[in-house]
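**Q** The sequence and its predicted three-dimensional model are supplied below.
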Amino acid sequence: MRCLVVSDIHANFPAFEAVLQDAQKRNLQYDVVWCLGDLVGYGAFPNECIELLQTVPHLCLAGNHDWAVLDKLDISTFHDAASHVVLWTRQQIKPANLTYLNARPERLIPEGEDVHLVHASPREPIWEYISDLNIAEENFGLFNTSISLHGHTHIPVIFIEDSWMQNVRFKISEIGVPFILKSGVRYMINPGGVGQPRDGDPRAAYGLLDTTQRIWTSYRTEYDIKRAQDAMRKAGFPRRLIDRLEFGR
């Protein structure tokens, strides 16, 4: 199966729309979209992003910002700018879209697939950041599939567990270059952020996982950042959130 993998859309409709258009232009011919959570938060298009996702075959997980909008998390754990947008989103989101968010699971293993899906980490699917090799190594022992997909950090990276080398290492995959997922090796893959990249590249990030051929390919696409920023300004969002889209930080 060919799976278009997205994460951390964060209510950035111009970015999410550009990703789907870019995948079509590249003729990626995916069967399903796997969304790793955080459909909302930070951006000004929560309803549009939720509704666009529902126009394609998909699976979608819950993220921490989704839970915050649902009041399943104490937003005192968020920084002030993020909390501001959570409160705004609660006022803007349609009841049907709130119901959709509330039905999202914390983790999934798609039927017939050797892939584990979470938003944050296998150990803590909503909140933990897999930000270094030590945390990655600890999490490899907490899922049974050969591949786990996660988001949350907004940084595209592949963590690799080589049992024959007895270590965990990481790789930044080259954009558009297929990466073979070897038999007997386990992987934790982060596609990066669609709506708020944090690796210094402002382009929206996503990936394609071919579960049959066991190939992962990372992609980036430009999008209308000004449109996203204008909507955030109109909504009165903190300048910090608006400016960071230009720099991918």
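**A** Nice, thanks for sending it over. Residues are numbered from 1 along each chain as shown.
**Q** Contacts for stretch 48-58, please.
**A** 9, 11-13, 16-17, 20, 31-35, 39-40, 43, 60, 93, 97, 100-101, 195 (Cβ atoms under 8 Å, 6 or more residues apart in numbering). For glycine as for every other residue, the C-beta is placed from the backbone atoms N, C-alpha and C.
**Q** ditto for stretch 62-71
**A** 7-8, 10, 36-42, 46, 73, 75, 78, 82, 86, 89-90, 93, 98, 101-102, 104-106, 119-120, 125-127, 151-152.
**Q** Buried by neighbour count, from these: which ones?
**A** 7-8, 10, 36-42, 46, 73, 75, 78, 82, 86, 89-90, 93, 98, 101, 104, 106, 119-120, 125-126, 151-152 (16 or more other Cβ atoms under 10 Å).
**Q** tell me the contacts of Gly43?
**A** By Cβ under 8 Å, 6+ apart, the residues touching Gly43 are Ile9, His10, Ala11, Asn12, Phe13, Cys49, Val85, Gly195, Gln196, Ala228, Ala231, Met232.
**Q** which residue packs closest to it, ignoring adjacent ones?
**A** Take Gly43 and drop its neighbours on the chain: the residue closest to it by Cβ to Cβ, 6 or more residues apart in numbering is Ala11, 3.2 Å away.
**Q** Describe which strands the lowest-mean-pLDDT helix or strand in the chain pairs with in its sheet and in which direction.
**A** Across the helices and strands of the chain, mean pLDDT, DSSP states H and E gives its lowest value to strand 167-171, namely a mean of 86. Strand 167-171 pairs in its sheet with strand 157-162 (antiparallel), by DSSP bridges.
**Q** buried ones in the strand it pairs with?
**A** Val157, Ile158, Phe159, Ile160, Glu161.
**Q** Columns pLDDT and distance to Asp243 on top of these, output as CSV?
**A** As requested, the buried residues of strand 157-162 are exported to CSV (pLDDT from 0 to 100; distance: Cβ to Cβ, whole Å):
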residue, pLDDT, distance to Asp243
Val157, 97, 25
Ile158, 97, 29
Phe159, 96, 30
Ile160, 96, 35
Glu161, 93, 38
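**Q** ok, of these, which one's closest to Arg220?
**A** Val157 (13.9 Å; Cβ to Cβ).
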